[in-house]
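J.: sequence and predicted structure are below.
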Amino acid sequence: AALPLLDLAPWSGRVFFDEFDFLLMVCVAVGYARLPSPGRARDGAWLGVQFLLAASIATAVVRGVLPWQVPDGNAFNNYYSPFNALRIGKGALWALLLLGLVGPSVRAGIDVRRLFGVGMVIGLMGTVALILWERLTFSGLFNFDSDYRVTGPFSAIHTGGAYIECFLAAGVPFLVLQLIERRSWLMRLAGVGLLLATTYALMVTFSRNGYSAYVVAIGVVFLFALKSGPLRVNRFVLLVLLASAVVGTAAPILLGGFAQQRIAQIGADLGIRQAHWVEALGMRDEGIGTAVFGMGLGRFPETSFWRSREKNRSGSYRLETENGDNFLRLSPGESIYVDQFVTVMPYTDYVLRVDLRARAAHASFTFPICQKWLLTSFNCVWKTVDVGDRPETWIHHEVRLNSGVLGDGNWYARRPVKLSLYNPNLATTVDVDNVSLAPLGSENIVNNGDFGEGLDYWFFATDSHLQWHAKSLPVAVLFDQGWLGIVAWALFLAVALGRPVARAWGGDL
């Protein structure tokens, strides 16, 4: 349940070690301390594929971190860091540690499967509720021509990715299972409502792969629901009604202007993706070591930055220190925004104060203050400042602005507001320090504007997504983990999926 709902990175600014990690740390520690010993493994094949996958991922983590660098102020705040391997690798570590608790939990009489299913439904409920709020707030619930794409609670979409549709598609079978097994019509009615809302939420991601995954997920669970146990008429009728309701909910969105536009672009977009996959694999180091073990986890953004043939590369940011004072350095490139949520009052005069330094004379720097959740901005107040005619010199600036409609609206659909830092120059870096935004005669509303706490409260987002990941899981595995990773994942998935399929076909829904 906490997987989607305890993602606070856009507020905390912490992307490497966060609240969810601490929750898992406590759960895993308590679990291994209190549950009975796992005992001797009886399933050699399952243990073997887990070991092979863990070995591949561990090797990729080591390759990603090497050559070793002493951690500095940028080690754990951006994806160009070699320690990015730890950010990705920790997910596998948590998963394998939790997997090791399943057997002891079952032997202790804990119904792990039921609790996991309930947790998935709770997480699904929270995710869908946030998506409904996001649509209501930014585009309207029934505006299917708008190009606004929801991001929900998943902060990792700040560089693009399929996180939200993946969770929705993976969560819906557990919801359908609850619908089938519950005998209370009140609970079933609530479940049907959540199913329709989940269908709506998935459709307004406007992800074509997400659409396909959702059809597969629904189809598989319906198939096994009909196969498992005696085929009672009421179960068949229930599934037909559910399928009809899902199709009825999806159809208006699928036939809307933006979804149709996305579907019409499949061929062109596939060509772009294929070229990107070829380039991604072509950027790898030569040699048998890379072919077998991969480039290492977390190395794709850095490799793409230096080796991509794309004309424009993404911008970058770094914390720098001079005389004990921290400041933020933004380098030129494709748009990258360093954001912070701020609470502004509508139609109010504010003073923006900042210290800037550029390497070239008359460079500019922009401060968009926008209605924004994660990626898409509305009703921005743009303030662009001429840094000055003295290169390599800190210059203090004060700018007055009016918030306009920012902060306006009903409490239940008030759009959040973000202050962004953006370097629009094509050929020079700009240093930023002592950022403050305050109503006239009042106190500063920006947290950590002097970057004394690193990048706490600041969180970056980008409009250019191809540089940050391979946009294909098999290509990403081959890049990160090499052919050993491909083999390990294939065997793991074959065992992990094959046995449950056999059990489900035998009646264990």
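T.: All right, it came through fine. Numbering: from 1, shown residues only.
J.: strands of this protein, start to end?
T.: Under the criterion DSSP state E, the chain contains strands at 316-322, 325-331, 336-342, 349-358, 364-372, 377-386, 395-402, 417-421, 430-439, 459-462.
J.: kindly reformat these as a markdown table and extend each row with distance to residue 154.
T.: For glycine as for every other residue, the C-beta is placed from the backbone atoms N, C-alpha and C. Rendered in a markdown table, the data for those read as follows (distance: least, Cβ to Cβ, whole Å):
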| stretch | distance to residue 154 |
| --- | --- |
| strand 316-322 | 21 |
| strand 325-331 | 25 |
| strand 336-342 | 16 |
| strand 349-358 | 30 |
| strand 364-372 | 16 |
| strand 377-386 | 18 |
| strand 395-402 | 31 |
| strand 417-421 | 17 |
| strand 430-439 | 27 |
| strand 459-462 | 13 |
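J.: distance of residue 474 from residue 284?
T.: Counting by Cβ to Cβ, to the nearest Å, the separation of residue 474 from residue 284 is 14 Å.
J.: would you turn the strands of the chain into TSV with mean pLDDT, mean neighbour count and distance to residue 482?
T.: Formatted as TSV, these follow (pLDDT from 0 to 100; neighbours: other Cβ atoms under 10 Å; distance: least, Cβ to Cβ, whole Å):
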stretch	mean pLDDT	mean neighbour count	distance to residue 482
strand 316-322	94	16	27
strand 325-331	96	18	31
strand 336-342	96	22	30
strand 349-358	97	19	42
strand 364-372	96	21	39
strand 377-386	95	16	39
strand 395-402	96	13	49
strand 417-421	97	23	38
strand 430-439	97	20	39
strand 459-462	95	22	28
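J.: tell me which of those lies nearest to residue 4.
T.: Of all the strands of the chain, the one in closest proximity to residue 4, counting by Cβ to Cβ, is strand 459-462 (17.0 Å).
J.: so what strands line up beside the closest one?
T.: Strand pairing for strand 459-462, determined by DSSP bridges: strand 336-342 (antiparallel).
J.: who has more neighbours out of residue 474 and residue 284?
T.: More neighbours sit around residue 284 than around the other of residue 474 and residue 284, counting by other Cβ atoms under 10 Å; the figures are 19 against 13.
J.: quick revisit: nearest to residue 105, out of the strands of the chain?
T.: Comparing these by their distance to residue 105 (Cβ to Cβ), the top pick is strand 459-462, with 35.6 Å.
J.: identify the residues contacting the residue nearest the centre of the chain.
T.: For the chain, residue 156 is the residue whose C-alpha lies nearest the centre (Cα atoms, centre = their mean; 2.3 Å). When the contact criterion is Cβ atoms under 8 Å, 6 or more residues apart in numbering, the partners of residue 156 are residue 163.
J.: what about residue 360, neighbour count?
T.: Residue neighbour count, defined by other Cβ under 10 Å, stands at 13 for residue 360.
J.: surely it meets residue 423?
T.: No - with contact defined as Cβ atoms under 8 Å, residue 360 and residue 423 do not form a contacting pair (11.8 Å).
J.: and the residue nearest to the centre of the chain, how far from residue 468?
T.: Computed with Cβ to Cβ, the distance linking residue 156 and residue 468 is 10 Å.
J.: tell me, how many residues neighbour residue 19?
T.: Using other Cβ under 10 Å, residue 19 has 14 neighbouring residues.
J.: ok, and what's touching stretch 199-213?
T.: By Cβ under 8 Å, 6+ apart, the residues outside stretch 199-213 that reach it are 127-128, 131-132, 135, 144, 149-150, 152, 162, 164-166, 168-169, 172, 214, 246, 249-250, 253-254, 258-259, 262-263, 266.
J.: residues of the top helix by length along the chain that come out buried?
T.: With DSSP state H setting the assignment, residue counts place helix 473-505 as the longest helix in the chain. Of the residues in helix 473-505, those with enough neighbours to count as buried (16 or more other Cβ atoms under 10 Å) are 475-482, 484-485, 488-489, 491-492, 495, 504.
J.: try stretch 116-126
T.: The neighbour-count criterion (16+ other Cβ under 10 Å) identifies 117, 120, 121, 122, 123, 124, 125, 126 as the buried residues of stretch 116-126.
J.: output these in a markdown table; the columns should cover distance to residue 176 and pLDDT.
T.: Conversion of the buried residues of stretch 116-126 to a markdown table gives the following (distance: Cβ to Cβ, whole Å; pLDDT from 0 to 100):
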| residue | distance to residue 176 | pLDDT |
| --- | --- | --- |
| 117 | 10 | 93 |
| 120 | 11 | 96 |
| 121 | 10 | 96 |
| 122 | 15 | 97 |
| 123 | 15 | 97 |
| 124 | 11 | 97 |
| 125 | 14 | 97 |
| 126 | 18 | 97 |
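J.: out of the residues you listed, list just those in helices.
T.: Filtering the buried residues of stretch 116-126 for membership in helices, criterion DSSP H, returns 117, 120, 121, 122, 123, 124, 125, 126.
J.: from the residues you listed, pick the one nearest residue 71.
T.: Each of these was checked against residue 71 using Cβ to Cβ; the closest is residue 123, at 32.7 Å.
J.: that closest one contacts residue 5, doesn't it?
T.: Yes - applying Cβ under 8 Å as the test, residue 123 and residue 5 come out as touching, 6.2 Å apart.
J.: sorry, back to before: what's the closest of the strands of the chain to residue 24?
T.: Proximity to residue 24 (Cβ to Cβ) singles out strand 459-462 among the strands of the chain, at 21.3 Å.
J.: identify the residues contacting stretch 478-485?
T.: Surrounding stretch 478-485, the residues in contact under the criterion Cβ under 8 Å, 6+ apart are 56-57, 59-60, 64, 280-281, 284, 290-300, 470, 477, 486, 488-489.
J.: buried ones among those?
T.: 56-57, 59-60, 64, 280, 284, 293-300, 470, 477, 488-489.
J.: from residue 242, how far out is residue 191?
T.: Between residue 191 and residue 242 the distance, using Cβ to Cβ, works out to 9 Å.
J.: mutual contacts of these two, please.
T.: With contacts defined as Cβ under 8 Å, 6+ apart, the residues adjacent to both residue 191 and residue 242 are residue 179.
J.: and for residue 392, the neighbour number?
T.: Using other Cβ under 10 Å, residue 392 is surrounded by 10 other residues.
J.: ditto for residue 133
T.: Taking other Cβ under 10 Å as the neighbour definition, residue 133 ends up with a count of 15.
J.: same question, residue 108
T.: 13.
J.: and the pLDDT at it?
T.: In the prediction, the pLDDT value recorded for residue 108 is 90.
J.: check contacts around residue 334.
T.: Each residue near residue 334 by Cβ under 8 Å, 6+ apart is listed here: 312, 313, 314, 315, 462, 463, 464, 467.
J.: please report the distance of the nearest residue to residue 395 once chain neighbours are set aside from residue 355.
T.: Nearest residue to residue 395 in three dimensions, chain neighbours excluded: residue 388, at 4.4 Å (Cβ to Cβ, 6 or more residues apart in numbering). Shown here: residue 388 relative to residue 355, a distance of 11 Å by Cβ to Cβ.
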